[in-house]
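In: Predicted model and sequence follow; I will ask about them next.
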Amino acid sequence: MKLNYKRTILVGFAFFLISAFWQAYDTIVPLLLKGKYGINEEAVSGFIMSLDNILAVVLLPLFGSLSDRTSTRFGRRTPYIVCGTVAAAVMFSILGIIGELWLFIILLLVTLLSMATFRSPAVALMPDVTPKPLRSKANAVINLMGTAGGMIVLGLGIVFHTNEEGKTDFTAYLCAVAVVMALALLVFLLTVKEKAWSAEAEAADRSAATPDEKTTTEKHALSKGEKASLGLILASVALWYIGYNAVTSKFTVYTSYVLDGLPYQVALLTAQAAAIVAFIPVGLIASKVGRKRTILTGVALLAAAFLAASFITTDTPAFLMYILFALAGIGWATINVNSFPMVVELASHGDVGKYTGYYYTASMAAQIVTPILSGFLVDLVGWWIFFPYAAFFVACSFVTMLLTRHGDSRPEKKSALESFDIED
């Protein structure tokens, strides 16, 4: 059984446009709130920026489940992707021309609601059209597509000088991002055949199933052991996001207080570059040794990198920090590529959207909790707790993942060269 890389890339255009949007959102909305509307209070700005996570906890499972029950000639997920993308792109493009704060907040909420309607359906599409044993490899490709979307938007930021001091008019930039989203959607619509590809994946899973396995095309209640494993996987997702997101969201502040202005951009870019390089290899490794073992290795690497980073001081050579962040990026890629496939491995083909929603509920809830919890601890005992906090929660996820008994893939028995075969 071989992954069709071409199809996976085409399906990945849905995640490409999602990542493009969020990169632009995280870059521009804080600048608009501070520069155009004069909101200098971090608490107020932080609350507005967290609205997407708050909405996601409720809406992503809802629309994931709704898409499971949707049936159209275009498929289950495509209608949500089309309608949500069009609405979000239009609303996002006009945010820059709004002059009143109250109207800006309303349009921002509409934009976020539009994004929430199709995020779970878009992510659920990959497991829909990919046989179960190949989903880690496919998720690696999807992550690369998302990274490409974010990088293109970062490039647009340079072209449109979004970091220019005192700049408050980002209309041209927002319109350019909307165009990128529209073009990605167009490629998706012209190339992706959701219904046909989903049927092929179901047939492949059915033919590969062993006699004692449940037929993946039929909905079924999880056994007691499967429910326990699902809970442990979701707990693991929440725990490593609590640790990882604490670092990514506050590392810039940490460097200014503790490391005397170390060039944080280089450290973060190093982590991202290392993750990009690792995506495909860790997907291939998981197909050989299993997802659980691969994730446990990534968790150990990430926790060790964070713990070691707690000993970095202003006297430490900067390249050591970059090495640690490269290791953290590899660890995170190892976790990220394989964790979502473990969740949907427990789903039937008719429940993938719902289980996608479960995954995002765990990750988004963690991203709501960790800024508050880590901020409280830093205020209480000081910045020395920053990296140990992250390492502790990541290490806790090692325990919950170790206890998981379901959701892994059966390792493939193929030659290394055959793993790189590409179907047309």
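Out: Alright, I've got the coordinates.

In: buried stuff in the helix or strand hosting Leu103?
Out: Assigned by DSSP states H and E, Leu103 falls within helix 101-129. Neighbour counts over helix 101-129 (16 or more other C-beta atoms under 10 Å) mark 104, 107-108, 110-129 as buried. Every C-beta, even on glycine, is put in place using the N, C-alpha and C of the backbone.

In: how many other residues sit next to the nearest residue to Ala366 once chain neighbours are set aside?
Out: Nearest non-adjacent residue to Ala366, counting by C-beta to C-beta, 6 or more residues apart in numbering: Tyr241, 3.7 Å away. The tally of other residues near Tyr241 (other C-beta atoms under 10 Å) stands at 24.

In: and whichever strand or helix holds Tyr241, what other elements does it pack with?
Out: Following DSSP H and E, one finds Tyr241 within helix 224-258. The contact analysis (3 or more C-beta pairs under 8 Å, 6 or more residues apart in numbering; DSSP states H and E) places helix 224-258 against helix 264-289, helix 291-309, helix 318-345, helix 352-381, helix 386-402.

In: Report the angle between it and helix 264-289.
Out: Counting by axes from the mean of the first three to the mean of the last three C-alpha atoms, to 10 degrees, helix 224-258 lies at 160 degrees to helix 264-289.

In: Give me the mean pLDDT for helix 224-258.
Out: Across helix 224-258, pLDDT averages out at 89.

In: doesn't Phe104 make contact with Leu95?
Out: Yes - between Leu95 and Phe104 there is a contact under C-beta atoms under 8 Å: 6.6 Å.

In: list residues touching both of these two?
Out: With contacts taken as C-beta atoms under 8 Å, 6 or more residues apart in numbering, Leu95 and Phe104 have Leu32 as neighbours in common.

In: got the contact list for stretch 379-398?
Out: Residues outside stretch 379-398 that contact it (C-beta under 8 Å, 6+ apart): 235-237, 239-240, 242-244, 246-247, 250, 254, 257-258, 296, 299-300, 302-304, 306-307, 309-310, 370, 374, 377-378.

In: out of those residues, which are buried?
Out: By 16+ other C-beta under 10 Å, those give 235-237, 239-240, 242-244, 246-247, 250, 254, 258, 296, 299, 302-304, 306-307, 309-310, 370, 374, 377-378 as buried.

In: Show me what secondary structure element comes after the helix holding Leu103.
Out: helix 135-159.

In: Restricting to C-alpha, output the following helix or strand past that next one in CSV.
Out: Sequence-wise, the next helix or strand downstream of helix 135-159 (DSSP H and E) is helix 171-191. Taking C-alpha atoms only, helix 171-191 is exported to CSV below (Å, rounded to 0.1, in the frame of the first residue of the first chain):
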residue,chain,number,x,y,z
THR,A,171,-5.8,46.9,3.6
ALA,A,172,-3.6,45.9,0.6
TYR,A,173,-2.0,43.2,2.7
LEU,A,174,-5.3,41.8,3.9
CYS,A,175,-6.6,41.7,0.3
ALA,A,176,-3.5,39.9,-0.9
VAL,A,177,-3.9,37.3,1.8
ALA,A,178,-7.6,36.9,0.7
VAL,A,179,-6.4,36.4,-2.9
VAL,A,180,-4.0,33.7,-1.7
MET,A,181,-6.8,31.9,0.1
ALA,A,182,-9.0,32.2,-3.0
LEU,A,183,-6.4,30.8,-5.3
ALA,A,184,-5.7,27.9,-3.0
LEU,A,185,-9.5,27.2,-2.9
LEU,A,186,-9.6,27.3,-6.7
VAL,A,187,-6.8,24.7,-7.0
PHE,A,188,-8.6,22.5,-4.4
LEU,A,189,-12.0,22.7,-6.2
LEU,A,190,-10.5,22.0,-9.7
THR,A,191,-8.4,19.0,-8.6
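
In: list the buried ones in helix 171-191?
Out: 173-178, 180-181, 184-185, 188.

In: Repeat that for stretch 149-157.
Out: Those would be 149-150, 152-153, 156-157, for stretch 149-157 by 16+ other C-beta under 10 Å.
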